[in-house]
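> Give me the fold of what follows.
(2 chains)
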Protein chains: 2
Amino acid sequence: MVNRINHVAVVVEDLDTALRFWRDALGLSLHKTEENPGENVNIAFLPVGESEIELLQPTDSDSGIGKYLAKKGQGLHHVCVEVDDIEAAMQRLVEHGIELINDTPRVRDEGTRYAFVHPKSAGGVLVELYQLP
Amino acid sequence: MVNRINHVAVVVEDLDTALRFWRDALGLSLHKTEENPGENVNIAFLPVGESEIELLQPTDSDSGIGKYLAKKGQGLHHVCVEVDDIEAAMQRLVEHGIELINDTPRVRDEGTRYAFVHPKSAGGVLVELYQLP
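Got it, this is the predicted structure:
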């Protein structure tokens, strides 16, 4: 049901500063950066094997990610796992008493369907589910 | 240089409770559990694609992981990336001004060589390097 870790997301204050570690020092390649004004975040995508490290820089301190950064500081934010059938995965989670943040999958422009599990149901970890198009 | 994410480590209060989410509800398989008295932690290994989710339950509140749990609570703890040549990777990091927790690689029983990057040099993320035997 779960195929792989799609990405591990990291909240950072500044993408350029963060890239000095992840790209320049650690040696990951930068696939692309992307502005996502809808979620008030700029994102850098760095592939690692079959997964990615995603660096998230909030562009608005009032956004969800912006508030997270202000409260918790920089660091690991969430882990995203890929599933074949997100609705089946969500149903299975609910049947096990797990609370989801999204009752139904949301859809990105390119067709990826996603939903988040509430950290209080996942031992403090924000878990994202992805179903690729 | 960096081949893949070897594992994402999660600190939990109790392995059995955490497995109710990761194994029973999310559907990951439990490869094994392991007691590591040297580091005062019990670990559950759950493969996901080419990576693993590792659940860490401290067995001593005075250990490093135990203190982390008491201070920060449950959640994402570190991300471990695999490299071909850990000494070359560490040298490159130091040359870029990155502070390491371990000056030289440590070695596990089965021969895996590992070292940690200090979170203050990695934007708040505890990053582990692995070189498999």
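
> C-alpha only now, for contacts and for neighbours.
OK.

> residues contacting the residue lying farthest from the centre of chain A?
What lies farthest from the middle of chain A is A:Glu95; by C-alpha atoms, centre = their mean that is 23.9 Å. The neighbours of A:Glu95, taking C-alpha atoms under 8 Å, 6 or more residues apart in numbering or on different chains as the test, are B:Ala25.

> for chain B, what are the nearby residues on chain A?
Those residues of chain A that sit near chain B, judged by C-alpha under 8 Å from any C-alpha of the partner chain, are A:1-5, A:10, A:12, A:18, A:21-22, A:24-28, A:48-51, A:73-78, A:89, A:92-93, A:95-96, A:98, A:121-125.

> Which among the residues you listed count as buried?
Neighbour counting with 16 or more other C-alpha atoms under 10 Å in any protein chain shown marks A:2, A:4-5, A:10, A:12, A:18, A:21-22, A:25-28, A:48, A:51, A:74-78, A:89, A:92-93, A:98, A:121-125 as buried within the residues of chain A next to chain B.

> In strands only, show me the residues you listed.
Among these, DSSP state E puts A:Val2, A:Arg4, A:Ile5, A:Val10, A:Val48, A:Ser51, A:Gly75, A:Leu76, A:His77, A:His78 in strands.

> Can you report how many residues neighbour the nearest residue to the third one once chain neighbours are set aside?
Yep, that's A:Ile5 we're talking about. Leaving out its chain neighbours, the residue that sits closest to A:Ile5 by C-alpha to C-alpha, 6 or more residues apart in numbering or on different chains is A:Val81, at 4.4 Å. Neighbour count of A:Val81, defined by other C-alpha atoms under 10 Å in any protein chain shown: 23.
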